[in-house]
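Asks: Give the three-dimensional model of this entry:
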Amino acid sequence: MLFTSFQYIIFLPCIVFLYWMLPQRFRLPMLLVASYAFYMSWMPIFIVLILAMTIFNYIWGNVLANAGDRKKLIFTIGIVANLVCLGYFKYANFFIDSAVGVFNLATRGDSHFVANIILPLGVSFFTFEFIHYLFEIYRGNKPLKSFVLFALFAAFFPTQIAGPIKRYQDFAAQMAEEKKINLAYFDEGLQLIIIGMAKKLLLADNLAVLVEMMAKTHYAYGSIETWVFAYAFAMQIYFDFSGYTDVARGSALLFGYHIPINFNMPYIASNISDFWRRWHISLSSWLRDYLFIPLGGSRGVGKWATDRNLMITMALGGLWHGASWSFVVWGIYHGLCLVIHRHFSMYREQSKLFQGFFQSRLYSFLSVVLTFHVVVVGWVFFRVHDIGVAFSMVKKMVLFSPLLMRQEAGQFLILKPDLPVVVPVVLIMVAILLLTNMPISYLREKGLLQRIPAPLRAVYFSILILAMVAFLPDNNAPFIYFQF
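Replies: Numbers count the residues shown, from 1 in each chain. Okay, here's the model as predicted:
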């Protein structure tokens with residue numbers, strides 16, 4: 001069930017009520033059953049997958065903790081088993097299609113084979129949590145003794161589908177606490193849920209209409225329109241995913257659980273490295289701790305080895321997002337940007353010629369603007385899965401098409417006939433909503449929201465709820481990160 005669905009609006013209060021009414025010893029088992037019910041609401045058969053992976057990793061974590069001299073072997077087997085499971089469900093179709101394509105290219109044939117393997121919801125997220133768990137046991141941390149606690153760590157319904165990716169030490173400590181009902185949980189939790197739903201329904205879903213229309217008719221547009229598409233998708237994916245995270249964190253808080261933030265105003269990042277410290281924080285920190293550092297990281301290795309590790313990490317991070325070469329290109333693009341930034345940073349520290357400029361406010365402003373546009377260009381590869389089309393669109397954006405227009409039937413048109421109506425309406429609506437949404441998001445992320453008088457907050461959130469009812473799109477689109 002979607003967070004924005006009527007079913008979830010009924011499901012969540014019922015589970016919250018049961019949780020706080022039950023005695024302490026029954027709360028976690030009930031929450032685990034509710035989380036499995038939540039997962040089964042999409043496709044019941046896949047409860048077998050999450051259960052099997054949970055049982056395996058629970059047992060394997062205990063085996064690993066007592067492995068002695070065989071610790072490295074046991075650890076490797078556990079990691080490989082999780083990756084094989086993830087690879088089968090997420091990448092089998094992709095690799096089979098790629099192999100068939102190469103075969104047809106080599107033989108000039110026209111073979112067709114489709115495996116039709118269904119991708120289970122959330123498999124990327126809870127697999128990464130299992131891998132994190134085995135890594136930490138291998139590094140000397142103690143495994144969880146309670147199966148219920150371990151199972152709930154992976155299955156906790158607010159985070160099971162699209163994260164944030166949790167760390168088991170922090171979450172286990174919260175599960176072990178004896179929780180008492182606190183009105184502050186509901187005050188902050190409900191505010192997060194309302195803001196998250198507003199981001200999704202008011203901003204992301206309405207932008208999705210424009211993005212989808214332009215993606216289907218990309219060939220008809222020139223540079224200006226292509227930039228509008230890229231800007232619109234940049235905002236759509238941010239409000240979609242950060243909206244999901246807000247609802248997830250708010251839902252968890254109703255039970256007294258604090259889930260770490262996943263976004264920290266990423267579009268004001270001063271450089272590409274700063275962007276990845278602000279965007280999808282739980283994933284970027286996971287990639288750093290369990291991929292980049294094990295590869296060798298940046299300490300004690302040469303600069304080219306560091307560049308290699310960055311490129312491998314980001315390429316695999318791109319592939320994690322989806323079984324498509326466009327995601328790999330997106331990851332490589334960000335890896336290349338990180339390498340360029342790293343070398344530029346070393347030059348900037350050593351250079352004395354432009355130190356005054358590098359320390360100026362103008363440089364800081366230009367850095368933010370440049371970083372945002374570098375990210376926006378990358379989003380084209382993320383959204384457009386045909387690599388050839390994506391490169392063509394980026395070429396339009398970077399080189400500019402003649403007169404920033406397209407030609408149709410001998411006449412130059414700045415925009416496609418239906419865009420003059422859609423673009424102003426969507427952009428004006430987004431501008432108005434940004435002016436109301438962004439300050440509140442900023443205050444919340446800085447911990448200042450609670451200082452606003454309660455009556456003003458009540459008025460603001462009431463307006464948001466009314467706006468969601470008034471501007472709700474015809475189609476309630478799934479969250480973008482559900483597909484990963």
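
Asks: Would you mind listing where the chain has pLDDT under the threshold?
Replies: Within the chain, the set of residues satisfying pLDDT under 70 comprises 94-95, 97-116, 300, 401-451, 471-484.

Asks: again, only using 50
Replies: Applying pLDDT under 50 to the chain flags the ranges 403-418, 420-421, 436.

Asks: can you list the domains in it?
Replies: Here the domain parsing of the chain from automatic domain parsing is 6-180, 185-483.

Asks: So which residues of the chain form strands?
Replies: Along the chain, counting by DSSP state E, strands occupy 406-408, 411-413.

Asks: so who does the closest residue to residue 67 other than its chain neighbours touch?
Replies: Spatial nearest neighbour of residue 67, excluding adjacent residues (Cβ to Cβ, 6 or more residues apart in numbering): residue 74 at 4.3 Å. For every residue, glycine as well, the C-beta is placed using N, CA and C. Residue 74 makes contacts with 60, 63-64, 67, as judged by Cβ atoms under 8 Å, 6 or more residues apart in numbering.

Asks: Reformat those into JSON lines and put neighbour count and distance to residue 19 next to each item.
Replies: What follows is those, written out as JSON lines (neighbours: other Cβ atoms under 10 Å; distance: Cβ to Cβ, whole Å):
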{"residue": "60", "neighbour count": "23", "distance to residue 19": "30"}
{"residue": "63", "neighbour count": "17", "distance to residue 19": "33"}
{"residue": "64", "neighbour count": "22", "distance to residue 19": "32"}
{"residue": "67", "neighbour count": "16", "distance to residue 19": "37"}
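
Asks: with those in mind, which one is nearest to residue 18?
Replies: Among the contacts of residue 74, residue 60 lies closest to residue 18 (Cβ to Cβ), at 32.1 Å.

Asks: I'd like to know how far the residue lying closest to the closest one once chain neighbours are set aside sits from residue 70.
Replies: Nearest residue to residue 60, sequence neighbours excluded (Cβ to Cβ, 6+ apart): residue 78, at 4.6 Å. Distance of residue 78 to residue 70, given as Cβ to Cβ, to the nearest Å: 12 Å.

Asks: Tell me which of those two has more neighbours.
Replies: When neighbours are counted by other Cβ atoms under 10 Å, residue 78 comes out ahead of the other of residue 78 and residue 70, with 24 against 12.

Asks: Kindly provide the distance from the more buried one to residue 139.
Replies: Looking at residue 78 against residue 139, where the rule is Cβ to Cβ, the gap reads 13 Å.

Asks: likewise residue 456?
Replies: 48 Å.

Asks: What does residue 269 show for phi and psi?
Replies: phi -60, psi 140 (degrees, to the nearest 10).

Asks: what sits against it?
Replies: 275, 277-279, 368, 371-372, 375.

Asks: Swap in 6 Å and give it another go.
Replies: Taking Cβ atoms under 6 Å, 6 or more residues apart in numbering, we find residue 269 in contact with 275, 278, 371.

Asks: okay, now the second one: neighbour count?
Replies: In other words, residue 278. 18.

Asks: who's in contact with residue 1?
Replies: 7-8, 41.

Asks: could you redo the last one with a cut-off of 10 Å?
Replies: The contact partners of residue 1, by Cβ atoms under 10 Å, 6 or more residues apart in numbering, come to 7-12, 37-39, 41-42, 157, 161.

Asks: Same check on residue 186?
Replies: Applying Cβ under 10 Å, 6+ apart, the residues near residue 186 are 16, 250, 253-254.

Asks: again, only using 7 Å
Replies: residue 254 (Cβ atoms under 7 Å, 6 or more residues apart in numbering).

Asks: do residue 339 as well
Replies: Contacts of residue 339 (Cβ under 7 Å, 6+ apart): 307, 310-311.

Asks: so which of these is the most crowded?
Replies: residue 310 (23 neighbours).

Asks: I'd like the distance from that one to residue 134, if you could.
Replies: 24 Å.

Asks: what do you get for residue 145?
Replies: 16 Å.

Asks: ok, these two, which is more surrounded?
Replies: residue 134 (23 against 10).

Asks: which residues does the residue nearest to residue 60 contact?
Replies: 60, 64, 134.

Asks: Closest to residue 90 out of the residues you listed?
Replies: Among the contacts of residue 78, and counting by Cβ to Cβ, the member closest to residue 90 is residue 134, at 18.8 Å.

Asks: Wait, that closest one touches residue 75, no?
Replies: Yes. Judged on Cβ atoms under 7 Å, residue 134 makes contact with residue 75 at a distance of 6.3 Å.

Asks: shared neighbours of the two, anything?
Replies: residue 64.

Asks: For residue 164, list the residues it contacts.
Replies: 245, 259-260, 262, 282.

Asks: ok so, going back, can you add distance to residue 387 and give the contacts of residue 269 back as a markdown table?
Replies: Below are those laid out as a markdown table (distance: Cβ to Cβ, whole Å):
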| residue | distance to residue 387 |
| --- | --- |
| 275 | 23 |
| 278 | 27 |
| 371 | 24 |
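
Asks: Tell me the one of those residues nearest residue 170?
Replies: Out of these, the member with the shortest distance to residue 170 (by Cβ to Cβ) is residue 278, at 20.1 Å.

Asks: ok, back up a step: among the contacts of residue 269, which ones are in helices?
Replies: Counting by DSSP state H, the contacts of residue 269 place 275, 278, 371 in helices.

Asks: how many other residues sit next to the closest residue in space to the second one that isn't next to it in sequence?
Replies: By that I understand residue 278. In space, and not counting its chain neighbours, residue 278 is closest to residue 266: 3.9 Å by Cβ to Cβ, 6+ apart. Residue 266: 21 surrounding residues under other Cβ under 10 Å.
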